[in-house]
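Visitor: Next input, structure requested:
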Amino acid sequence: QGGGKICQVANKVGYYVSLFNTAFSDLGSAIENLSEINGIDNPLLNKSTLTRNDYLVNGPNYKVTPFGSLGGAKKDRYFGKEAVMSDLNLLQERLVNDKQIYDADFVWIVASLGGGTASGSVTNMVRMTSGFIRSEDKRFAYRPATEVMDELPGSPTVGVIALWPEESASPKVKLNAAEALQELEQLHDENLLGNILLVDNQMLLDMAVEEGLDDWQSYCNSRIVQHLVEASVLTNLNSETSVDRAELMEVITQPGYLNITKNKHNSLDIKRKEGQKGIDKEKCDKLAKSIVDKHHFTLPYSEEDALRTIFMSLTKVNHQLLNITAFGVLQSAVAKHQNTAIVQHSGMYTTKSMSKASQGISLNQLSTTQSNVKLTNDKSAIFYYLCVYKQLPPDYIKYIHQAIEKRDENTLLRAKKERTLSSLDVNSIDQGN
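Guide: Below is the predicted model:
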């Protein structure tokens, strides 16, 4: 359900989405919302009795697919996996015959890792999507072939937005997330999966509390979509110093973990002392360090694990201070603080309004994000920073190992208990004879 709600926000700003779920009640709510977003009648309205096939919907800019026969997965990954296998032909048909997915530059699969459906099915959904794209020669071929890549040339154009459960979640839910993430990492090793954008619900919940927001889940969903949409919109702007499509694809198709941040600053933060022209290099260095160190969605990654980065700025036309020279100083400072990354791209963009920025993009008007991008005055600047890391932040690695070890210990204890009970039964029978 968490993944479906993020997809609904994405659909609202023009992205095509395809929803899959075993819980028909969740799909019913999604169909109602998507119908309203796309200005059509709800196909489920006025139907007194609903069958599974009623939830199989092809909308103008979306698809909805129910799978499995239980009407949910009961937060059990086993049932999520079984649902995929029981409806494998349906799922493949809904993916392989989807022209929108076929024509996409990049496909994001959104999954809430704590539940049974997504945690149990996400690995197979990635395999199906990545396999289909590879068979159609749609992988991104920007990266040169290596010995590891001989069998699978190019980079995978499939990524996962993975929602990590909040601290109050049950041990079972947290174990679901740990096991699912461990399986997704295997897809990195097989070169079937590009970026994973891990989203820690607890971090976003804490941010929402700090900002006094009532609905932290809507805040979380909008923030994720906003960051991804705005970063991709910038690459479509004309600029003397820009990040082109190939460079963006080089970063997001890299197997690894994506950190993406948006930072709004007043350009006076880097200005030299009163009466002096230009910028202060030490202040630029301090600003660059704050940009590199910021993490919106997860706990901090290890700097030495950085693989590829993109640094972009957005200001109004004829900005008072952030000219191409000042941007060059900031760019160098950012590169210095993330010097382990083997590839670093950067772009400096100016615009009169975000509506101008969205021109020429095959999306509908980005109305829900425009208000968040508008520059309030000629002194403000927005910085976007994307960095792909080769492995999870240390705290998550430690937690996953502990969760898996505890699971294995519990499995051994249960097996030992069962053997003991079985032995007692045999002894009692012998004594009775």
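Visitor: remind me which residues of the stretch 1-150 of the chain are low pLDDT?
Guide: Along the stretch 1-150 of the chain, segments meeting pLDDT under 70 span 1, 134-150.
Visitor: Can you show me the helices along it?
Guide: Secondary structure of the stretch 1-150 of the chain (DSSP state H, counting those that start in this stretch): helices located at 2-12, 24-37, 77-86, 88-96, 99-103, 116-135.
Visitor: nearest to residue 59, of those helices?
Guide: Closest approach to residue 59 among these is made by helix 24-37 (5.8 Å; CB to CB). In this view, the C-beta of every residue, glycine as well, is placed from N, C-alpha and C.
Visitor: in the sheet, who's paired with the residue positioned nearest the centre of the chain?
Guide: Taking CA atoms, centre = their mean, the centroid of the chain lies closest to residue 161, which sits 2.4 Å from it. For residue 161, the beta-bridge partners under DSSP bridges are residue 110, residue 197.
Visitor: so how far is residue 394 from it?
Guide: Separation of residue 161 from residue 394 (CB to CB, to the nearest Å): 22 Å.
Visitor: ok, the residue nearest to the centre of the chain - contacts?
Guide: 3, 6, 108-111, 196-197, 199, 224 (CB atoms under 8 Å, 6 or more residues apart in numbering).
Visitor: Between all of those residues, which two are separated the most?
Guide: Largest separation among those by CB to CB: 6 and 196, giving 14.5 Å.
Visitor: Which among the contacts of residue 161 count as buried?
Guide: Neighbour-count burial (16 or more other CB atoms under 10 Å) is assigned, among the contacts of residue 161, to 3, 6, 108-111, 196-197, 199, 224.
Visitor: If you count neighbours, what's buried in stretch 209-224?
Guide: Buried-residue list, stretch 209-224, by 16+ other CB under 10 Å: 216-217, 219-224.
Visitor: Same question for stretch 67-86.
Guide: Here stretch 67-86 shows 67-68, 70, 72-73, 75-77, 79-84 as buried, counting by 16+ other CB under 10 Å.
Visitor: What's the end-to-end length of it?
Guide: Using CA to CA, to the nearest Å, the end-to-end distance of stretch 67-86 comes out at 8 Å.
Visitor: And for stretch 38-45?
Guide: 15 Å.
Visitor: quick one: residue 324 and residue 270, what's the gap?
Guide: 14 Å.
Visitor: Neighbour count for the two, which is higher?
Guide: The neighbour count for residue 324 versus residue 270, taken as other CB atoms under 10 Å, is higher for residue 270 (25 against 11).
Visitor: which ones are touching that one?
Guide: 279-280, 283-284, 287, 321-322, 326, 330.
Visitor: With respect to pLDDT, which of these ranks lowest?
Guide: The lowest pLDDT within the contacts of residue 270 belongs to residue 321, with 73.
Visitor: Can you tell me which of the contacts of residue 161 is nearest residue 18?
Guide: Comparing the contacts of residue 161 against residue 18 with CB to CB places residue 109 closest, at 9.6 Å.
Visitor: How many residues are close by the nearest residue to the closest one once chain neighbours are set aside?
Guide: Among residues not flanking residue 109 along the chain, residue 160 sits closest, at 5.0 Å (CB to CB, 6 or more residues apart in numbering). If you count neighbours by other CB under 10 Å, residue 160 ends up with 27.
Visitor: OK, contacts around residue 160?
Guide: By CB under 8 Å, 6+ apart, the residues touching residue 160 are 108-111, 122, 126, 184, 193, 195-197.
Visitor: 7 Å instead, please
Guide: Contacts of residue 160 were listed using CB atoms under 7 Å, 6 or more residues apart in numbering, and they are 109, 111, 122, 126, 184, 193, 196.
Visitor: residue boundaries of the helices in the stretch 251-400 of the chain?
Guide: Under DSSP H, counting those that start in this stretch, the stretch 251-400 of the chain gives helices at 281-293, 324-337, 354-357, 367-373, 394-432.
Visitor: which one of those has the lowest average pLDDT?
Guide: Per-stretch mean pLDDT for those is lowest at helix 367-373 (a mean of 38).
Visitor: Quick check: which element contains residue 193?
Guide: For residue 193, there is no helix or strand it lies in under DSSP states H and E.
Visitor: Quick one: neighbours of it, just the number.
Guide: Neighbourhood size, residue 193 [other CB under 10 Å]: 25.
Visitor: Could you check how far it is from residue 402?
Guide: 24 Å.
Visitor: And residue 43, by the same measure?
Guide: Taking CB to CB, one finds residue 43 at 46 Å from residue 402.
Visitor: repeat for residue 293
Guide: Counting by CB to CB - residue 293 and residue 402 are separated by 26 Å.
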